[in-house]
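Q: sequence and predicted model, in that order:
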Amino acid sequence: MDLTLYNTLTRTKEQFRPLDRENVRMYVCGPTVYDHAHIGNARPVIVFDVLFRLLRHLYGADHVTYARNITDIDDKIIERAARDGVDIDMLTRQTTQQFHDDIRALGVLMPEDVNKPGEPPRFHEPRATGHIGDMLAMIAKLIDKGHAYAADGHVLFDTASMSDYGKLAGRSLDEMIAGARVEVASYKKNATDFVLWKPSGADQPGWDSPWGRGRPGWHIECSAMSAALLGETFDIHGGGIDLTFPHHENEVAQSRCAHGTDIMAQVWMHNGFLQVEGQKMSKSLGNFVTIHELLRTEKFGGRSWPGEVLRLAMLMTHYRQPIDWTVKRLEEADAKIARWRNLARVAADQGDAASSSEVVVALSDDLNTWDAIGVMDRLATTRDIAGLSAAATLLGLEAALVAPQTAELDFDVDGLIAARLAARAEKNWAEADRIRDELVEKGIQLKDGKDPDTGEPVTTWELAR
Ligand code: AMP
Ligand code: ZN
């Protein structure tokens, strides 16, 4: 099976060829843990979870290694802990726990689902604070090789020391300086130089280093963790599109210069942004919504939403496109799942898991999840439950086929049928047809007839075959 992936580095869709087929390696930038993750943060987590599942399917579960980090040292964390008067450790631990609860509900694989006792771990979730030693070693190496310098208690990466700095972002040095949100500081040699290490005040978390007590810059965290867990070069590096510059550009600069390699990762993948009802999500616009709020409160659309509905809604758009997160989208995903579930609930185990291969084909085309969902719809229509369930596993939508706990239909069939009969009695054919279509969409087949005794119209139903 040919897997093609769009590579930000080359700006083309390329055939994927792992550096080592025996160990396909992927790194994805994870959250900075100081507050509930919002639904935009869920996008890279879900998208790369699908890719992880696909890679495991294509190369074998024991031949794929995935690292998704937790950034647990960052100025935003320090500020939040100070604002709320809480311990940093406590803040990052609680936020990580919340994050885990949220993404588990979204059907995302966790290390404990994947790693087997006595075997090398295939899924790492490194915390930045667990790799400070690796970061210090990498910074020292960069200084040794003339790619970094200490100044004013800081260590900075010397961007002029790398001839193709800016290649990933596709920007020239002038553009980077002009567009840069890079901090201007007197101790920098070049405006685009960035911090590898910075001093910590007595009230800030810090580690001893040859350059004084301090803490790492954000970019060096990912370079050090990916090298420690995946090696100096690896296959796929992912994250949201906003991370391309400066974060990923700087990761590339650090890793390539420290290791003396031509690449850091072969393929750089970036998910598009999520906006809400047509607008950028922001606290000031009041449309900021967390995963937790969607799952557990009625803040969005006046109801809470099951994790599988949120996940399907996310996958209904190709990962590189922007997503407009709307109530309508969630309702569509909800209806789709209700239909699959109702079909799966009554069908005998028929079909063949091999028929899910069309889903593999769709996903292998740069993760075309929309086509994959179309295949699932067709498998549902043909009642190929084995195929449907294999497909659901690839997309992480297992929960979408499991009947809700009550094992009852999650809508009122009899009520809808009565409403349709009432519409027919009033000769409101349009409404009657609409209700019938709604029921068909949910997997219900109607049979109209007459009561043999009274001659009154009656409708019976069964789940569609
Ligand atoms: P952060 O915690 O801000 O570093 O973000 C964690 C991940 O979420 C990164 O990969 C970001 O690119 C991604 N991300 C943040 N906001 C959005 C959004 N609105 N849409 C999609 N991805 C996002
Ligand atoms: Zn990163």
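A: On my side now, so go ahead. Ligands and ions are numbered 1, 2, ... in the order given.

Q: all contacts plus neighbour counts: C-alpha atoms, from now on.
A: Fine.

Q: which parts of the chain sit against ligand 2?
A: Proximity of the chain to ligand 2, by Cα under 5 Å from the ion, involves residues 29, 222.

Q: number of residues surrounding the residue in the stretch 201-350 of the chain that ligand 1 sits nearest to?
A: Nearest residue of the stretch 201-350 of the chain to ligand 1, counting by Cα to the nearest ligand atom: G240, 3.0 Å away. Neighbour count of G240, defined by other Cα atoms under 10 Å: 22.

Q: OK, contacts around it?
A: By Cα atoms under 8 Å, 6 or more residues apart in numbering, the contact list for G240 reads 44, 270-273.

Q: now render those as a markdown table, adding secondary structure.
A: Compiled in a markdown table, the contacts of G240 are given as follows (DSSP: H, G, I helix; E, B strand; the rest coil):
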| residue | secondary structure |
| --- | --- |
| P44 | helix |
| H270 | strand |
| N271 | strand |
| G272 | coil |
| F273 | coil |
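
Q: for these, which one is nearest W325?
A: Sorting the contacts of G240 by distance to W325 puts F273 at the head of the list, at 10.2 Å, by Cα to Cα.

Q: quick check: closest non-adjacent residue to the closest one.
A: Nearest non-adjacent residue to F273, counting by Cα to Cα, 6 or more residues apart in numbering: P322, 4.9 Å away.

Q: out of everything not next to it in sequence, what's closest to the residue in the chain positioned nearest to ligand 2?
A: As assessed by Cα to the ion, ligand 2 sits closest to C29 within the chain, at 4.1 Å. Using Cα to Cα, 6+ apart and skipping the chain neighbours, the partner closest in space to C29 is G239 (5.5 Å).

Q: let me see the mean pLDDT of the helix or strand harbouring that neighbour.
A: According to DSSP states H and E, G239 maps onto strand 234-240. For strand 234-240, mean pLDDT rounds to 98.

Q: and that strand, C-alpha only, in PDB?
A: Taking Å, rounded to 0.1, in the frame of the first residue of the first chain, the C-alpha atoms of strand 234-240 are listed here in PDB:
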ATOM      1  CA  PHE A 234      13.100  10.400  12.200                       C
ATOM      2  CA  ASP A 235      10.200  10.100   9.800                       C
ATOM      3  CA  ILE A 236       7.300  12.400  10.600                       C
ATOM      4  CA  HIS A 237       7.000  15.500  12.700                       C
ATOM      5  CA  GLY A 238       3.500  17.000  13.300                       C
ATOM      6  CA  GLY A 239       1.700  19.900  14.800                       C
ATOM      7  CA  GLY A 240      -0.700  22.700  14.100                       C
END
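
Q: each with direction, which strands does it pair with?
A: Under the criterion DSSP bridges, strand 234-240 sits next to strand 24-28 (parallel), strand 265-271 (parallel) in its sheet.

Q: and among these, the most buried is which?
A: Greatest average neighbour count among the strands paired with strand 234-240 goes to strand 24-28 (a mean of 25), per mean count of other Cα atoms under 10 Å.

Q: ok, that strand near ligand 1 or not?
A: No: Strand 24-28 lies out of reach of ligand 1 by Cα under 6 Å from any ligand atom, never closer than 7.5 Å.

Q: hmm, who's touching that strand?
A: Residues outside strand 24-28 that contact it (Cα under 8 Å, 6+ apart) are 18, 48, 55, 59, 63-69, 226, 230, 234-239.

Q: switch the cut-off to 6 Å
A: Where contact means Cα atoms under 6 Å, 6 or more residues apart in numbering, the residues beyond strand 24-28 that reach it are 18, 64-68, 234-239.

Q: about what we covered before: residues contacting the residue of the chain closest to ligand 2?
A: 68-69, 239.

Q: quick check: domain ranges of the chain?
A: Domain assignment of the chain by automatic domain parsing yields the ranges 1-271, 403-465.

Q: export those domains to a markdown table and append columns for distance to A313.
A: Below are these laid out as a markdown table (distance: least, Cα to Cα, whole Å):
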| stretch | distance to A313 |
| --- | --- |
| domain 1-271 | 10 |
| domain 403-465 | 17 |
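
Q: so which of those domains comes closest to S389?
A: The closest of those to S389 is domain 403-465. By Cα to Cα, the value is 12.7 Å.

Q: what about that closest one, average pLDDT?
A: In this model, domain 403-465 carries a mean pLDDT of 78.

Q: how far off centre is it?
A: Averaging C-alpha coordinates over domain 403-465 and over its chain gives two centres that are 39 Å apart (Cα atoms, centre = their mean, to the nearest Å).

Q: ok, back up a step: return the most buried member of the domains of the chain.
A: Mean neighbour count (mean count of other Cα under 10 Å) peaks for domain 1-271 among these, with a mean of 18.

Q: chain center to it, what's the gap?
A: Mean C-alpha position of domain 1-271 versus that of the full chain (Cα atoms, centre = their mean) differs by 15 Å.

Q: hey, where'd the helices end up in the stretch 151-300 of the chain?
A: Assignment of helices within the stretch 151-300 of the chain using DSSP state H, counting those that start in this stretch yields the ranges 173-179, 218-230, 249-259, 291-296.

Q: quick one on the thing from earlier: across the sheet, point out what pairs with the residue nearest to C29.
A: G239 has these beta-bridge partners by DSSP bridges: H270.

Q: show the pLDDT at A353.
A: Here, the pLDDT recorded for A353 equals 70.

Q: adjust the sequence numbering to begin at 631 for everything that follows.
A: Sure thing, new numbering starts at 631, so read that last one as A983.
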